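A.B. asks: Predicted model follows, preceded by the sequence.
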Amino acid sequence: MLNFNDDRFISIENAGLAVEPELDAIIARLLGDGARNLFFLGAGGVMFLTQPAYNLLRTRSTFPVFYEMGAELVVTGHRHLGPGSIVVTPSVSGTTQEAVAALEYAKAAGATLITFTGTADTPIGALADHNFTCPVVDDTSSEMYYLQTLLVALSVMKARGEIDDYDQVVAELKSLPPLLVAVKHAFDDRARALAEAIAADNYHILTGSGPAWTQAHYYGMCILEEMQWIRTRPVHASDFFHGTLELVEPGVSVIILKGEDETRPLVERVEAFAPRFTDKVHVLDTTDFDLPGISARTRALISQVLLATALERVSAHLEVIRDHPLTTRRYYKQFAY
């Protein structure tokens with residue numbers, strides 16, 4: 001496949017999932033010692049990747065959980081953050097200034113910090129009480145941080161007796177890396193066609209719900225906007241009919257991401273509406289992806305992972321079609337701001 005190495009991807013994702021026993025033991029000990037809440041805390045697009053884990057805990061566990069933008073928390077404070085708080089932060093670079101400031105604030109408040117970084121010996125890793133470093137880069141980071149933060153949520157639920165199939169789900173997650181590569185191969189021709197369609201327009205509405213919404217938001221902001229300078233309008237499927245529907249007209253591109261969780265009907269409502277008013281509707285549905293050995297239960301937890309792995313193929317083609325490398329920036333980390 002274009003600009004992709006199968007073995008490298010599998011090795012990196014396997015390394016990310018291999019943290020599970022140590023991570024699970026840490027979570028069990030912290031909860032056993034009286035941890036009182038958990039914060040997903042960070043900055044930028046990588047922070048989005050914690051949303052599915054946050055939502056799983058928010059809706060399926062009684063353990064208090066918070067999702068906070070680091071820069072805002074530092075200036076507003078948070079009365080629930082302090083001793084007994086667990087803070088979870090992923091960061092590819094380990095240097096993002098807003099995330100560093102947020103972790104410094106959380107550490108001063110007495111929280112226990114768990115970080116996932118792509119490079120060892122970074123400020124974020126050094127601040128952590130428990131740091132897990134895997135050699136992740138942009139084309140592998142979405143899947144890894146989705147999966148690692150999902151492991152955090154599952155471990156919390158296991159420690160609290162709120163899940164009875166932890167071992168089965170984790171075993172299935174650990175079998176995913178080669179299956180994700182197979183998804184990429186099977187989707188690659190469609191990915192090129194979607195990349196050509198995206199390249200043909202300078203504005204796209206992206207929508208989804210549940211875990212798929214996280215990937216719609218992330219892909220619009222962090223890939224199409226940051227890495228390709230293409231204007232987007234990410235909107236949750238529940239909000240689509242409260243404003244954004246008025247922007248749909250002939251020639252407007254609507255990209256719909258469909259997962260397999262219980263929120264799927266929210267996206268199907270958009271899918272029924274959009275083709276009535278525009279001829280540019282692109283649907284990416286995780287049910288199209290073959291995953292031998294993965295149960296429906298686990299598939300519902302990983303829609304965001306499947307969408308990320310498919311859209312990576314779109315990105316690989318898009319940068320070639322547009323002659324715009326994904327690493328090119330005008331402003332981001334180019335100077336002080």
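C.D. replies: Cool, got the structure.
A.B. asks: Skip the chain neighbours and tell me the closest residue to Met227.
C.D. replies: In this structure, Met227 finds its nearest non-sequential neighbour in Leu326, 4.4 Å apart by CB to CB, 6 or more residues apart in numbering. Where C-beta positions appear, they are placed from N, C-alpha and C, glycine not excepted.
A.B. asks: those strands in the stretch 1-150 of the chain, which residues are they?
C.D. replies: Taking DSSP state E, counting those that start in this stretch as the test, the strands found in the stretch 1-150 of the chain are 37-42, 65-69, 85-91, 112-117, 130-133.
A.B. asks: so the residue nearest to Met227 makes contact with Ala195?
C.D. replies: No. The pair Leu326 / Ala195 is not scored as a contact, 12.0 Å apart, by CB atoms under 8 Å.
A.B. asks: Overlap in contacts, the two.
C.D. replies: Ser315 (CB atoms under 8 Å, 6 or more residues apart in numbering).
A.B. asks: Between those two, which has more neighbouring residues?
C.D. replies: Ala195 (21 against 16; other CB atoms under 10 Å).
A.B. asks: tally of neighbours for Asp164?
C.D. replies: Neighbours of Asp164 under the rule other CB under 10 Å: 9.
A.B. asks: mind checking the SS state of it?
C.D. replies: Look at Asp164: counting by DSSP: H, G, I helix; E, B strand; the rest coil, its state is coil.
A.B. asks: Arg297 versus that one, what's the distance?
C.D. replies: 11 Å (CB to CB, to the nearest Å).
A.B. asks: What sits closest to Thr287 if chain neighbours are left out?
C.D. replies: Glu260 (6.2 Å).
A.B. asks: who touches the residue nearest the centre of the chain in this structure?
C.D. replies: Nearest to the mean C-alpha position of the chain, counting by CA atoms, centre = their mean, stands Leu49 at 2.6 Å. Counting by CB under 8 Å, 6+ apart, Leu49 touches Pro90, Ser141, Ser142, Tyr145, Tyr146, Thr149, Thr214, Tyr218, Gln304.
A.B. asks: try 10 Å
C.D. replies: Leu49 makes contact with 40, 42, 90, 116, 141-150, 214-215, 218, 222, 304-305, 308 under the criterion CB atoms under 10 Å, 6 or more residues apart in numbering.
A.B. asks: Per-residue confidence, it, what does it come out as?
C.D. replies: Among the per-residue scores, Leu49 shows a pLDDT of 97.
A.B. asks: can you tell me how far it sits from Met1?
C.D. replies: 23 Å.
A.B. asks: Same question for Pro211.
C.D. replies: 25 Å.
A.B. asks: what about these two, which has more around it?
C.D. replies: Neighbours were counted for Pro211 and for Met1 using other CB under 10 Å; Pro211 has more, 30 against 15.
A.B. asks: If we ignore the residues flanking it in sequence, what's nearest that one?
C.D. replies: Pro211 sits nearest to Gln304 (CB to CB, 6+ apart), 3.9 Å away.
A.B. asks: burial of that neighbour, as a residue count?
C.D. replies: Neighbours of Gln304 using other CB under 10 Å come to 31.
A.B. asks: My guess is it contacts Ser142. True?
C.D. replies: Yes. Contact status for Gln304 versus Ser142: in contact at 8.0 Å, counting by CB atoms under 10 Å.
A.B. asks: Please identify every residue contacting each of these two.
C.D. replies: Joint contacts of Gln304 and Ser142 (CB under 10 Å, 6+ apart) are Phe48, Leu49, Thr214, Gln215, Tyr218.
A.B. asks: quick one: the residue lying closest to the first one once chain neighbours are set aside from His185, how far?
C.D. replies: Think Phe48. Among residues not flanking Phe48 along the chain, Tyr218 sits closest, at 4.5 Å (CB to CB, 6+ apart). Distance, Tyr218 to His185, by CB to CB: 23 Å.
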